[in-house]
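Trainee: Please find the sequence and the predicted model below.
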Amino acid sequence: MRVLNCLIYEHNLSLVLLASLMCVVGSFVTVKLFERTLAETGTAKLHWTLLSATTAGSAIWATHFIAMLGYDPGVPVNFDATLTIVSALIAVAGSGAGLLFASMQQRWLAALCGGGLIGLAISSMHYVGMFAYRAEGVVQWLPEYVLSSIAFAILLSALSIDRLRSHSGKTHPWLATFLLVAAIVALHFVGMAAFAVAPIAGMGTGADSEAFDAMAGAIAVVAMLIVGTGISTNIVELRTRRESQSRLRHIALHDALTQLPNRRHFNEKLQSLCEGLSTGSGRPFALLMIDLDRFKKINDTQGHPVGDLVLARVAKRLTHAVRDSDLVARIGGDEFAVIMPGTDDAAEVGKLAERIVEVLSRPFAIDGNVSEIGGSVGIVLAPEHGRKAEVLTQHVDVALYSAKHEGKGRHYFFEPSLIVELQSRRQLETELRRACMRDEFEVVYQPIMNITSGGYIGAEALVRWQSESHGDISPEVFIPLAEELGLISRIGNAVLRRACSDASRWPSDLTVSVNVSPVQLMDPRLAQTVAQALEETGLSAHRLELEITETALLGNAEKALSTLSRLRELGVRISLDDFGTGYSSLTYLHKFPIDRIKIDRSFIDKLPSDAGSASIVRAITQLGGSLNLSITAEGIETDEQLSFISGQGCDHVQGYLFSRPLKRERAAALFNSRDSQTAAA
C-alpha cells in the first residue's frame, strides 16, 4: 500500500507518465541494441557495447530523474550536481559491464552475472541519485523497501537477460523488454517508498513545480535524442548489412559473366519445386538442359574473350526466348538450364525447346567477326519423369546426351529406354578404354588393285575391335567414341606401327595405306611418330601412304600444311580420303601435298544408274588426271561399277568385288604367293 500511496499521492502523475514513456521507449531500444551486441564478436562487439551502454544508461537515468522530479516531498528541494552526474555515469558504465558479462557462454551464468550487474547498476544509479536529491527536512530511510527494490532490480534484470539470450525468433523479444521495464519501474517506485521526509518548522512548503516540469521536459528531450541516435544507428547499420547481404547473396547465386542464376541458385529452385511435389502443394514443371554446340571451337580459334561475349549474348537470347516466370541459369562453362514452372505440357515445352534451338543457331556478330554455334536441348517433365531433383537431373542429362548423339542442334524428351542405351554406351566406353590399354585391336587389310595390270599394288589397313559384351563393333561406332574419349591418337599410333610391321614382310613393291584422324594430324609429333615407326619396322617411307579426310584440314590449315610437309620430306605419300563428301575445294589439291584422291563409296554405290553420281565420279577422275594425281575408287562391289570406273581413267580400285578385308596372315600369304607376284609384275 505504501508504494501505491507514494505513486498516487506523492507524485506528479503527468511527469510519471512522461517517465513511463521514457522507460518503455528506452527499454525497447535498449533490448534491441543488447540483442545486436550479443550477436557481434571482436572489435565490433566493443563498439556496439559502447553504443548500447550509452543508450541504456541514458534511458534508465532519464526515467529515474524525470520520475524523481515528479516526486513531491512537501519541502524545498535542490540537487547536488556532482552526484547527479555520477549517477548517470554509473548507469552507463554498469549497463556496459553487465552487457559484457551477459555474453558469457553459459546462459544461466550470463543471466546471473550480466543481468545481476545491470540490476545493481540500476540500483546504484537510483540511490546515488537520491543522495543528490537534497530535501530541506528530516530524511528517513525504510530498509525493508530499500532491500526489496534492489532485489526486484537484480531479479528482473537477470530474467530479462535470460529471455534475451534464449530468444531466437525474428520478432522483437517483447518479454525481455517487459522484464527490463519492470526492473526499472519496481526499483524506482519501491525505492521512493523507502524515502520519507519530515518538514522542519519555518522552512518552505514545497518544490518549484514549474522549474521541475521544465527540467523534466528538457531531460526527456535529451534522453530521447540519445535513444533515437542509438536506434537510428542500429536501423542504418541493419539496412546496410541487409543490402550487403543481398549483394553477397546475389553474387553467390548468380553467374558473374552472364548475370544469370548459377548452379547453386538453380539447385535451390529445383529442390524447392521438388519438395512442393512431395508434399502435394507444388505444381508440375519442366526442366530443359542446354549444351552449346561448337562453342569450344570459338574459344580455340577466336580466343576466350570472344567466347565470353558469345556466352553473354547467349544468356540474353535465352532470357528473351522464355516466359517471364521461367528461370534461366548458367550451370557450367557452356551449359544452361531452364525451369518452366506450372506446366508439364509436352507440346508447350517442345515449342520452347524449338525456339531455343532456333535462336542459338543464329550467327553472333562480335567485333566484326561472325561466330556460329548451336544448341542441343534435353527435356524432362515433372512429376512424369521423376519427383526428386537428383533423378530429374540424371534423366535430363540422358536426354541431352541423346540430343547431341543424334546430331546436335535438336531437342530430345527423356524416355526410360534412353537409360538402357546410355548404360550400354558407358559399358562400351569402359571396354574401349580397357581395349586401348591392352592393345586388343586387330588390323586387317583390304587389297588395292591396279585396273590396268589387274595386280595388287598394296592394301589399306583397317582397324577392327571385338567387344567382350557387344561383339564386333563397327569402326563407324568406336572410332567417333575414341575421339570423344581422347583415345584416338593412341589407337591410331598403334595401328600405324602394326601396319608398318606387317607391310615390311610383303613384297617390296607393295604399299600400305593407314588412316590418320584429324586429332593425329593436328599433333605436331605425328611426323616424329611416323619416322619412328618406319625406323623400328624397317619399312621404306615410299611404301607408306597416309590417308586424311577433307574435314581434317578445316581445323587449322597452316598447322596441317606444316605436318604434311614434314611427312612428305620423309618420303611418305599423302592420300585425300572420302573426296567429294566434305568441303571439297580445289584449294586443298593446290595448297596441300596430295598424291592421291580416293572417291568415296557413297558415289560408287549408285553407279552406273545414277546420273548425278556418274557425273561427280567423271569430274573427279578428270580433275585428278589434270593435276597428275592418282585416283582410287573404293567400295567396288559389282562388275558394272568396275566397268564404269575403268572407262573413266581411274587408276586403282578396292572393294568386296576383289577381296574383303583380310587378317594379317592371309594378307601376307596372298601378297607373297606366286600368283600375286606375277600379277603385280
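Mentor: Ah, there it is. Numbering: from 1, shown residues only.

Trainee: OK, contacts around the residue nearest the centre of the chain?
Mentor: In the chain, the centroid-proximal residue (Cα atoms, centre = their mean) is Arg263; its distance is 3.4 Å. Neighbouring residues of Arg263 by Cβ atoms under 8 Å, 6 or more residues apart in numbering: Ala329, Arg330, Ile331, Gly332. From N, CA and C alone the C-beta is placed, and that goes for glycine too.

Trainee: quick one, phi/psi of it?
Mentor: The phi and psi values for Arg263, taken as degrees, to the nearest 10, are phi -60, psi -40.

Trainee: Quick check on the contacts of Arg263: which are buried?
Mentor: Buried residues within those, counting neighbours by 16 or more other Cβ atoms under 10 Å: Ala329, Arg330, Ile331.

Trainee: so can I have a markdown table of these showing secondary structure and pLDDT?
Mentor: Converted to a markdown table, the buried ones among the contacts of Arg263 look like this (DSSP: H, G, I helix; E, B strand; the rest coil; pLDDT from 0 to 100):
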| residue | secondary structure | pLDDT |
| --- | --- | --- |
| Ala329 | strand | 94 |
| Arg330 | strand | 93 |
| Ile331 | coil | 90 |
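
Trainee: List just the nearest of these to Glu390.
Mentor: Ranked by distance to Glu390 (Cβ to Cβ), the buried ones among the contacts of Arg263 are led by Ile331 at 14.5 Å.

Trainee: Nearest residue to that closest one in space, please, no chain neighbours.
Mentor: Nearest residue to Ile331, sequence neighbours excluded (Cβ to Cβ, 6 or more residues apart in numbering): Arg263, at 4.3 Å.

Trainee: how about the strands in the stretch 451-600 of the chain?
Mentor: Along the stretch 451-600 of the chain, counting by DSSP state E, counting those that start in this stretch, strands occupy 456-467, 471-473, 511-515, 544-549, 573-579, 596-599.

Trainee: try the stretch 201-350 of the chain
Mentor: 285-293, 327-330, 335-341.

Trainee: closest to Leu670 out of these?
Mentor: Comparing those by Cβ to Cβ, strand 285-293 comes nearest, at 45.1 Å.

Trainee: Output that closest one as CSV, nothing but the C-alphas.
Mentor: Included here for strand 285-293 are C-alpha records, laid out as CSV according to Å, rounded to 0.1, in the frame of the first residue of the first chain:
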residue,chain,number,x,y,z
PHE,A,285,7.1,-28.2,-64.1
ALA,A,286,9.5,-28.8,-67.0
LEU,A,287,13.3,-28.9,-66.9
LEU,A,288,15.4,-28.1,-70.0
MET,A,289,19.1,-28.6,-70.1
ILE,A,290,21.0,-26.8,-72.9
ASP,A,291,24.5,-27.5,-74.2
LEU,A,292,26.1,-25.3,-76.8
ASP,A,293,27.4,-26.9,-79.9
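
Trainee: what's the helix or strand for Ala67?
Mentor: Following DSSP states H and E, one finds Ala67 within helix 42-69.

Trainee: Domain map for the chain?
Mentor: In the domain annotation for the chain, the residue ranges read 2-244, 263-415, 428-675 (automatic domain parsing).

Trainee: now these in JSON lines, with distance to Leu253?
Mentor: Below are these laid out as JSON lines (distance: least, Cβ to Cβ, whole Å):
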{"stretch": "domain 2-244", "distance to Leu253": "15"}
{"stretch": "domain 263-415", "distance to Leu253": "4"}
{"stretch": "domain 428-675", "distance to Leu253": "33"}
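
Trainee: For those, which has the smallest mean pLDDT value?
Mentor: Among these, domain 2-244 carries the lowest mean pLDDT, a mean of 76.

Trainee: picking up where we left off before, following the helix holding Ala67, which helix or strand shows up next?
Mentor: strand 77-79.

Trainee: list the helices and strands the next helix or strand after that next one packs on?
Mentor: Downstream of strand 77-79, the next assigned helix or strand under DSSP H and E is helix 81-101. Where contact means 3 or more Cβ pairs under 8 Å, 6 or more residues apart in numbering; DSSP states H and E, helix 81-101 is packed against helix 13-39, helix 42-69, helix 116-131.

Trainee: And helix 81-101, what's buried?
Mentor: By neighbour count with 16+ other Cβ under 10 Å, helix 81-101 contains the buried residues 83-84, 86-88, 90-92, 94-101.

Trainee: can you give me the offset of that helix from its chain's centre?
Mentor: Offset of helix 81-101 from its chain centre (Cα atoms, centre = their mean, to the nearest Å): 53 Å.

Trainee: quick one: it to helix 116-131, angle?
Mentor: Computed by axes from the mean of the first three to the mean of the last three Cα atoms, to 10 degrees, the angle separating helix 81-101 from helix 116-131 equals 170 degrees.

Trainee: sorry, back to before: mind putting the helices and strands packed on helix 81-101 in CSV, mean neighbour count and distance to Leu487 included?
Mentor: What follows is those, written out as CSV (neighbours: other Cβ atoms under 10 Å; distance: least, Cβ to Cβ, whole Å):
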stretch, mean neighbour count, distance to Leu487
helix 13-39, 21, 57
helix 42-69, 23, 56
helix 116-131, 24, 75
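
Trainee: which one of those helices lies closest to Pro608?
Mentor: Nearest of the helices and strands packed on helix 81-101 (Cβ to Cβ): helix 13-39, 89.3 Å.

Trainee: elements contacting the closest one?
Mentor: Using 3+ Cβ pairs under 8 Å, 6+ apart, helix 13-39 sits against helix 42-69, helix 81-101, helix 143-166, helix 174-193, helix 209-253.

Trainee: try 6 Å this time
Mentor: Contacts defined by 3 or more Cβ pairs under 6 Å, 6 or more residues apart in numbering; DSSP states H and E place helix 13-39 against helix 42-69, helix 174-193, helix 209-253.

Trainee: relative orientation of that helix and helix 81-101 in degrees?
Mentor: Angle, helix 13-39 to helix 81-101, by the same axes, to 10 degrees: 40 degrees.

Trainee: so Leu187 makes contact with Ile150?
Mentor: No: assessed by Cβ atoms under 6 Å, Leu187 is found out of contact with Ile150, at 7.3 Å.

Trainee: overlap in contacts of these two?
Mentor: Common contacts of Leu187 and Ile150 (Cβ atoms under 6 Å, 6 or more residues apart in numbering): Ser123.

Trainee: Mind checking which of the two has more residues around it?
Mentor: Using other Cβ atoms under 10 Å, the more surrounded residue of Leu187 and Ile150 is Leu187, with 28 against 20.

Trainee: wait, what's in contact with the residue lying closest to the more buried one once chain neighbours are set aside?
Mentor: In this structure, Leu187 finds its nearest non-sequential neighbour in Ala153, 4.0 Å apart by Cβ to Cβ, 6+ apart. By Cβ under 6 Å, 6+ apart, the contact set of Ala153 is Gly119, Ile122, Ser123, Ala183, Leu187.

Trainee: and Leu109, how far is that from Arg165?
Mentor: In this view, Leu109 and Arg165 are 10 Å apart by Cβ to Cβ, to the nearest Å.

Trainee: More neighbours: these two, which one.
Mentor: Arg165 (23 against 12).

Trainee: Look up how far Leu120 lies from the closest residue to the more buried one other than its chain neighbours.
Mentor: Excluding its sequence neighbours, the residue lying closest to Arg165 (Cβ to Cβ, 6+ apart) is Arg107, at 4.8 Å. To Leu120, Arg107 is 20 Å away according to Cβ to Cβ.

Trainee: Phi, psi for Ser371 please.
Mentor: According to degrees, to the nearest 10, Ser371 has phi -110, psi 130.

Trainee: And for it, the neighbour number?
Mentor: Residues within reach of Ser371, counting by other Cβ under 10 Å, total 20.

Trainee: Distance check, it against Gln302.
Mentor: According to Cβ to Cβ, Ser371 stands 7 Å off from Gln302.

Trainee: Comparing the strands of the stretch 451-600 of the chain, which comes out most buried?
Mentor: Across these, the average number of neighbours (mean count of other Cβ atoms under 10 Å) peaks for strand 596-599, which reaches a mean of 25.
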